[in-house]
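In: Here is my input; please provide its structure:
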Amino acid sequence: MTRWRFLLPLLTLAACRSNPHDNAPGSPPKNEIPASVQELYKQVNANPDSAGLRLQLVDALDSAGAGPQAMVQMDSLIRKDSLNYGLWFRKALLQRDAKDTTGALHSFRNAIHIYPAADAQLAAADLLAGKKDATALLLTKQVAEQRIGREYTAHCDFINGIYYARTGQTKKALESFNACIYNDFNYAEAYMEKGFIYYQAKQYKEAVQVFQTLVKIRNTYADGFYWLGKCYETMGDKAAAIPNYQRALTLDPGIKEAAAALQRLGAG
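Out: As a prediction, the model looks like this:
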């Protein structure tokens, strides 16, 4: 589940210095990469100094699930322009998506050192909060003090809530998630985290209220219906659980837990 949504800034690219070693884009694995990406490789070979083309190749490789090859291209760009905030930020996103948290934090820190943009600070804070690192709170405080707008304030509150929830400070976590929702009523992830806290505390009625609110404002949010069904099942209300599991499975056939629950309840 995506925790939060930040805006990916445009990459500001300076002119690249020519370097014969860096210009080599590498040989694409022809049996695995789509023809459109193969064509981009050819274009990069023909125009090795074009940072724009190489970034297109990075995006195409990333979309094709070729993360390691995309990283090779990012490293080539960064070797030529190591003080480019956008390149470090893009590399950090690739590393984060590859579950390389340590690498992503290193790249986010480099990006922030070059230009302390709110997006990079929040992305780093999000990872740190999940690691129970209080540095996350310092970063969100810095972003909040910039007073960019309610969207970013909501992100700060949400990440604070994640940190507090992961460190067992449930009262502060709920306060933070409530503050997040106050600034963005449609912030689905904040509802989910609130619901999780109540569910884990065996406060099922409170959890049901949270998930019910979520599916009212986001009636295509499959996870909300799944957890609503799970709460009802835990409470012993089979009749209420089944339609919510069914709705979750209709919206997202990939939720295997919903299918298993329906089988378990004799409705599969």
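In: CA atoms for contacts and neighbours, from now on please.
Out: OK.
In: Need the pLDDT of Q73.
Out: Note on Q73: pLDDT of 84.
In: Going forward, count from 897.
Out: That works, and once the first residue is 897, the last one we named lands at Q969.
In: buried set for the host helix or strand of it?
Out: When elements are assigned from DSSP states H and E, Q969 belongs to helix 963-976. By neighbour count on 16 or more other C-alpha atoms under 10 Å, the buried set for helix 963-976 is G963, Q965, A966, M967, Q969, M970, D971, S972, L973, I974, K976.
In: helices or strands up against it?
Out: helix 916-919, helix 947-959, helix 981-993 (3 or more C-alpha pairs under 8 Å, 6 or more residues apart in numbering; DSSP states H and E).
In: That one versus helix 947-959: what angle between them?
Out: 160 degrees (axes from the mean of the first three to the mean of the last three C-alpha atoms, to 10 degrees).
In: nearest to E1129, of the helices and strands packed on helix 963-976?
Out: Of all the helices and strands packed on helix 963-976, helix 981-993 sits nearest to E1129, with 33.5 Å by C-alpha to C-alpha.
In: Could you export the closest one as CSV, CA atoms only?
Out: Coordinates of each C-alpha in helix 981-993 appear next as CSV, following Å, rounded to 0.1, in the frame of the first residue of the first chain:
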residue,chain,number,x,y,z
TYR,A,981,19.4,17.4,-7.0
GLY,A,982,17.0,15.8,-9.4
LEU,A,983,19.3,12.9,-10.4
TRP,A,984,19.9,11.9,-6.8
PHE,A,985,16.2,12.2,-6.0
ARG,A,986,15.4,9.9,-9.0
LYS,A,987,18.0,7.4,-8.0
ALA,A,988,16.6,7.4,-4.4
LEU,A,989,13.2,6.5,-5.8
LEU,A,990,14.6,3.6,-7.8
GLN,A,991,16.4,2.3,-4.7
ARG,A,992,13.3,2.8,-2.5
ASP,A,993,11.2,0.8,-5.0
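In: Just give me the closest of the buried residues of helix 963-976 to I1058.
Out: Taking C-alpha to C-alpha as the measure, G963 is the one of those closest to I1058, at 27.5 Å.
In: I'd like the helices and strands packed on helix 963-976 laid out as JSON lines, including mean neighbour count and mean pLDDT.
Out: Converted to JSON lines, the helices and strands packed on helix 963-976 look like this (neighbours: other C-alpha atoms under 10 Å; pLDDT from 0 to 100):
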{"stretch": "helix 916-919", "mean neighbour count": "14", "mean pLDDT": "38"}
{"stretch": "helix 947-959", "mean neighbour count": "19", "mean pLDDT": "80"}
{"stretch": "helix 981-993", "mean neighbour count": "23", "mean pLDDT": "94"}
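In: The stretch 947-1096 of the chain: helices as residue ranges?
Out: 947-959, 963-976, 981-993, 997-1010, 1014-1026, 1031-1041, 1046-1062, 1066-1079, 1084-1096 (DSSP state H, counting those that start in this stretch).
In: what's the angle from the second one to helix 981-993?
Out: Our comparison of helix 963-976 with helix 981-993, counting by the same axes, to 10 degrees, yields an angle of 160 degrees.
In: do the fourth one as well
Out: Orientation check (the same axes, to 10 degrees): helix 997-1010 against helix 981-993 gives 160 degrees.
In: Just give me how far helix 997-1010 sits from the chain centre.
Out: Taking C-alpha atoms, centre = their mean, to the nearest Å, one finds the center of helix 997-1010 at 16 Å from the center of the full chain.
In: And the second one, by the same measure?
Out: Mean C-alpha position of helix 963-976 versus that of the full chain (C-alpha atoms, centre = their mean) differs by 21 Å.
In: How about the shortest one?
Out: Its chain's C-alpha centre lies 18 Å from the corresponding centre of helix 1031-1041 when counted by C-alpha atoms, centre = their mean.
In: how about that helix: buried residues?
Out: Quick answer for helix 1031-1041 (16+ other C-alpha under 10 Å): A1032, L1033, L1035, T1036, V1039, A1040.
In: repeat for the fourth one
Out: Buried residues in helix 997-1010, counting neighbours by 16+ other C-alpha under 10 Å, are found at T997, G999, A1000, L1001, H1002, S1003, F1004, R1005, N1006, A1007, I1008.
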